[in-house]
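**Student:** please work out how this folds:
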Amino acid sequence: MAGAAAFALPAAPAAVAGTRTVHGLSSFGDLKYPADFRNFDYVDPAAPSGGRFSAQLTSTIGNQSSETFNTLNVYVLRGDGAPGMNLTFDSLMVRALDEPDSLYGLLARSVEVSEDGLTYRFVLRPQARFHDGQRLTATDVAVSLRLLKEKGHPEISQVVRDMTEAVAEDEGTLVVRFAPGRSRDLPLFVATLPVFSAAYYEGRDFEASSLEPPLGSGPYQVGRLEPGRFIELERVRDYWGADLPVNVGRHNFDSIRYECFRDRQVAFEAFKGGAFSYREEFTAKVWATGYDFPAVKEGRVRRETLPDATPSGTQGWWINTRRPAFKDARVREAIGLCFDFAWTNKTLMYDAYRRTASYFENSDLKATGLPSPEELALLEPLRASLPAEVFGQPWSPPESDGSGQDRALLGRAAGLLREAGCVRTDGVMALPGGQPLEIEFLDLDPSLTPHTQPFVRNLGLIGIKGRIRQVDASQYQARLKDFDFDMTVRRFSNGMTPGPELREAYGSRAAATSGSNNLAGIADPAVDTLIAAVTEATSRPALVTACRALDRVLRAGRYWVPMWYGATHRIAVWDVFGRPERTPAYGLGVPATWWFDAARARRIGRL
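**Tutor:** All right, here's what the predicted structure looks like:
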């Protein structure tokens with residue numbers, strides 16, 4: 001392998017003149033907290049420590065799966081990564097959840113930024129330590145960044161390709177350089193990446209799947225685990241960074257346990273039985289009808305609906321345009337017209353959701369109306385390669401009559417297929433080459449089967465044969481990595497300040513990169529150009545304009561069949577927790593800012 005020895009560090013040149021020294025970073029230079037702040041406003045500095053938090057993983061990074069795991073190495077492509085491993089590693093800086101895009105120093109005490117924005121010199125805290133007591137140095141950070149660039153999961157390696165070098169100037173100073181034209185938020189992304197021990201990886205394969213707990217420096221370390229079932233993270237009692245301003249009031253639980261379930265209903269039954277204590281509910285029917293069990297009626301389990309001010313993300317059926325059958329946007333649009341959202345929402349989801357139309361839904365980044373003059377300034381140079389509709393009202397999925405089989409929309413779908421050269425013979429829709437138009441819906445969880453089945457039936461009404469293929473978690477991950485599917489369901493989260501991650505989700509290079517998030521295979525130079533406009537925006541108004549222009553072009557591509565969203569978090573908890581009075585605007589702060597409340601636990605018999 002290429003262990004740490006493969007990354008000998010060259011001498012760093014002298015500092016670039018005209019630098020500015022800051023205690024935090026943000027996309028546009030705005031920081032809420034001063035250099036001498038004591039703690040984030042959304043934490044309780046007096047929060048008690050102790051107890052256990054347990055949940056099922058709902059948001060993944062790297063190669064993680066919420067259904068299973070077989071490796072503790074989550075930052076590479078290989079394997080199914082264990083939940084919670086991010087808690088075992090520190091990063092140079094950490095995000096503030098009450099600001100759209102601000103970071104403050106964790107391993108880094110301060111950072112000098114060159115006048116041209118291409119050189120960042122991070123000054124590390126000398127007290128930073130790994131769990132074995134060894135000092136964490138700039139060499140460790142430099143090796144980590146280079147490992148992630150060269151061998152990390154594509155969602156990392158693709159984003160950091162414009163990081164040209166990371167070098168240790170001395171034990172306490174790291175210099176990171178970026179290529180001219182680098183994306184605006186790349187330094188922020190780099191500053192939040194995990195830091196590994198260079199010595200630990202000296203003789204180990206960084207890309208290997210392994211159940212050996214890696215050496216970290218974070219607030220937790222790996223405890224008990226059973227692959228595919230559960231993992232426990234134990235709080236590090238002598239954690240070096242416990243008293244830093246960015247950590248005050250955080251990491252209060254003695255242990256955090258993540259349970260794995262391959263079936264959502266089984267997971268819900270486990271929660272009802274007290275197997276874990278925190279659950280975010282994503283199924284409207286369960287939320288409306290399932291929480292009538294004794295623990296809820298007795299007040300031992302509490303339910304709450306909390307506002308969600310973040311963009312809703314992109315959940316839907318993604319259409320793999322790498323397949324010849326789905327190259328034509330008219331075919332893709334016809335497929336989408338067969339999904340009756342109004343009927344699905346009313347019949348299966350208790351009218352709890354709204355239809356998603358935008359890639360930036362539930363935010364001011366969403367395109368509406370005709371393009372503004374500022375949007376046109378970005379779109380006009382690309383006009384020759386764009387559909388005419390981009391310059392009109394942005395495309396949105398049409399409203400159905402709610403019957404479940406809207407004849408008008410199904411007729412439009414059949415017409416689009418005819419325009420695309422498809423021919424229906426004896427009830428079978430054939431592509432221009434004569435092959436039957438068939439679609440396999442790949443999934444790993446049966447919870448969305450009731451929503452997909454009516455969609456499949458409607459496809460059959462216009463001659464498209466659809467089938468649902470459910471596979472286990474490992475096979476699902478492997479097929480997604482190889483883009484071996486026709487259509488599949490996935491939800492991608494968006495931040496308030498989109499940046500390099502857009503390239504990994506919609507960029508041409510990612511379309512050809514195994515394991516990337518570009519499931520649809522979008523490879524459009526116009527999209528690449530607009531992503532660059534987003535990542536290079538120097539003000540929030542410019543960012544909003546670029547996102548809206550990009551939204552118009554992506555929506556015109558018909559790359560997905562959008563599902564639905566709700567601008568709230570639905571949470572259910574066994575009543576054993578305390579939490580700060582203030583919930584941050586851009587995240588729930590769970591479990592980092594909550595704590596175990598012994599009095600509550602005693603009251604409901606769970607102490």
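**Student:** which other helices and strands contact the longest helix along the chain?
**Tutor:** In terms of residue count, the longest helix belonging to the chain (DSSP state H) is helix 540-556. Using 3 or more Cβ pairs under 8 Å, 6 or more residues apart in numbering; DSSP states H and E, the elements in contact with helix 540-556 are helix 373-379, helix 525-535. From N, CA and C alone the C-beta is placed, and that goes for glycine too.
**Student:** closest to residue 317 out of those?
**Tutor:** helix 525-535 (19.7 Å; Cβ to Cβ).
**Student:** what's the closest non-adjacent residue to the residue most central in space within the chain?
**Tutor:** Using Cα atoms, centre = their mean, the residue of the chain that lies closest to the mean C-alpha position is residue 493, 4.5 Å off. Among residues not flanking residue 493 along the chain, residue 313 sits closest, at 4.5 Å (Cβ to Cβ, 6 or more residues apart in numbering).
**Student:** what do you get for residue 419?
**Tutor:** Nearest to residue 419 is residue 330, by Cβ to Cβ, 6+ apart, at 5.5 Å.
**Student:** surely that neighbour is in a helix?
**Tutor:** Yes - applying DSSP: H, G, I helix; E, B strand; the rest coil, one finds residue 330 inside a helix.
**Student:** isn't it right next to residue 415, touching?
**Tutor:** No - taking contacts as Cβ atoms under 8 Å, residue 330 lies outside contact range of residue 415: 9.2 Å.
**Student:** more neighbours: those two, which one.
**Tutor:** Between residue 330 and residue 415, residue 330 has the larger neighbour count (other Cβ atoms under 10 Å), namely 17 against 14.
**Student:** for this protein, list the residue farthest from the centre, please.
**Tutor:** residue 426 (44.2 Å).
**Student:** any idea how far residue 334 is from that residue?
**Tutor:** 19 Å (Cβ to Cβ, to the nearest Å).
**Student:** for the stretch 451-600 of the chain, just list every one of the helices.
**Tutor:** Here the stretch 451-600 of the chain has its helices, by DSSP state H, counting those that start in this stretch, at 473-481, 501-506, 508-511, 525-535, 540-556, 598-603.
**Student:** show me what the third one packs onto, helices and strands only.
**Tutor:** Put plainly, it is helix 508-511. Partner elements for helix 508-511 (3+ Cβ pairs under 8 Å, 6+ apart): helix 501-506, helix 525-535.
**Student:** go with 10 Å
**Tutor:** Counting contacts by 3 or more Cβ pairs under 10 Å, 6 or more residues apart in numbering; DSSP states H and E, helix 508-511 is packed against helix 154-157, helix 501-506, helix 525-535.
**Student:** what of the last one?
**Tutor:** Secondary structure elements in contact with helix 598-603, counted by 3+ Cβ pairs under 10 Å, 6+ apart, are strand 577-578.
**Student:** what lies in contact with the strand it packs on?
**Tutor:** 44, 47-48, 51, 53, 252-253, 277-278, 302, 590-591, 594-601 (Cβ atoms under 10 Å, 6 or more residues apart in numbering).
**Student:** sorry, back to before: of the helices and strands packed on helix 540-556, give the one that comes closest to residue 177.
**Tutor:** Across the helices and strands packed on helix 540-556, closest to residue 177 is helix 525-535 (Cβ to Cβ), at 17.6 Å.
**Student:** and the direction of that closest one versus that of helix 540-556, what angle?
**Tutor:** Here helix 525-535 runs at an angle of 160 degrees relative to helix 540-556 (axes from the mean of the first three to the mean of the last three Cα atoms, to 10 degrees).
**Student:** pLDDT value on residue 1, please?
**Tutor:** Per-residue confidence (pLDDT) for residue 1: 34.
**Student:** same deal with residue 4?
**Tutor:** pLDDT, residue 4: 34.
**Student:** likewise residue 12?
**Tutor:** pLDDT, residue 12: 37.
**Student:** then the one 4 residues further on?
**Tutor:** The predicted structure scores residue 16 at 48 on the pLDDT scale.
**Student:** just the one 4 residues further on next, same as before
**Tutor:** Looking at residue 20, its pLDDT reads 91.
**Student:** with adjacent residues omitted, what lies nearest to it?
**Tutor:** residue 113 (5.5 Å).
**Student:** so who does that neighbour touch?
**Tutor:** So residue 113 contacts 16, 18-22, 25, 29, 119-121, 187 (Cβ under 10 Å, 6+ apart).
**Student:** if we can go back for a sec, I'd like the helices of the stretch 451-600 of the chain as a markdown table, with distance to residue 348, mean neighbour count and mean pLDDT appended.
**Tutor:** Below are the helices of the stretch 451-600 of the chain laid out as a markdown table (distance: least, Cβ to Cβ, whole Å; neighbours: other Cβ atoms under 10 Å; pLDDT from 0 to 100):
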| stretch | distance to residue 348 | mean neighbour count | mean pLDDT |
| --- | --- | --- | --- |
| helix 473-481 | 23 | 18 | 92 |
| helix 501-506 | 28 | 24 | 93 |
| helix 508-511 | 33 | 19 | 96 |
| helix 525-535 | 33 | 21 | 96 |
| helix 540-556 | 25 | 23 | 97 |
| helix 598-603 | 35 | 14 | 97 |
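**Student:** nearest to residue 432 among those would be which one?
**Tutor:** That would be helix 540-556 among those, by Cβ to Cβ, at 22.1 Å.
**Student:** how close does residue 37 sit to residue 464?
**Tutor:** Counting by Cβ to Cβ - residue 37 and residue 464 are separated by 58 Å.
**Student:** what's the per-residue pLDDT of the closest residue to residue 170 other than its chain neighbours here?
**Tutor:** Excluding its sequence neighbours, the residue lying closest to residue 170 (Cβ to Cβ, 6+ apart) is residue 138, at 6.8 Å. As predicted, residue 138 sits at a pLDDT of 98.
**Student:** I figured residue 138 hits residue 126, correct?
**Tutor:** No - with contacts counted by Cβ atoms under 10 Å, residue 138 stays clear of residue 126, the gap being 11.0 Å.
**Student:** what sits in contact with each of the two?
**Tutor:** With Cβ under 10 Å, 6+ apart, residue 138 and residue 126 have common neighbours 171-172.
**Student:** residues contacting the residue nearest to residue 493?
**Tutor:** So residue 313 contacts 356, 359-362, 490-495, 565 (Cβ under 10 Å, 6+ apart).
**Student:** any idea how far residue 554 is from it?
**Tutor:** Taking Cβ to Cβ, one finds residue 313 at 14 Å from residue 554.
**Student:** now do the shared contacts for these two.
**Tutor:** Common neighbours of residue 313 and residue 554 (Cβ under 10 Å, 6+ apart) are 359-360.
**Student:** now do residue 59, the pLDDT please.
**Tutor:** 86.
**Student:** for it, which non-adjacent residue is spatially closest?
**Tutor:** residue 493 (6.9 Å).
**Student:** might one say that the one you found is in contact with residue 360?
**Tutor:** No - if you go by Cβ under 10 Å, residue 493 and residue 360 don't touch, sitting 11.5 Å apart.
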